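coords below, sequence missing:
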């Protein structure tokens, strides 16, 4: 969870591990059963086209792209009532043919399942 106003980013080439709070999910750490969500499996493809598709879906979902690199995206989602900000991060691993995802609330303890629902929707749309 980032209090700094931006996504945590990659650490040693991977998305950041979730904290102990239940307001985060991540596909990078399969042994963290509480926070784990399956990554998206992709066939060999053009990373640029994959990024375009992901950015389109994120914007359609109401997200705002904050950072874009060759194999990484960071976006924010702001709740309509209390203006809470959640970070969505995506790492494309072409070697493993997977898209890893992390979604986390910046503040608070629980999220009512919002981050998991957001990622499931993204996966369904992709």
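Happy to help now that I have it. Please read all numbers here as calculations on a predicted model, not as lab measurements.

Output the contacting helices and strands for the top helix by length along the chain.
Determined from DSSP state H, the single longest helix within the chain is helix 47-60. Judged by 3 or more Cβ pairs under 8 Å, 6 or more residues apart in numbering; DSSP states H and E, the packing partners of helix 47-60 are strand 64-69, strand 72-78, strand 85-93, helix 114-125. C-betas here are computed from N, CA, C, even on glycine.

isn't residue 51 right next to residue 73, touching?
Yes. Under the criterion of Cβ atoms under 8 Å, residue 51 makes contact with residue 73 at 6.6 Å.

Walk me through which strands the helix-or-strand element of the chain with minimal mean pLDDT pairs with, and which way each runs.
The weakest-scoring helix or strand in the chain, judged by mean pLDDT, DSSP states H and E, is strand 10-11 (a mean of 92). Sheet pairing of strand 10-11 (DSSP bridges) gives strand 14-15 (antiparallel).

List the contacts of the strand it pairs with.
The contact list for strand 14-15 (Cβ atoms under 8 Å, 6 or more residues apart in numbering) reads 8, 26-28, 89, 91, 100-102.
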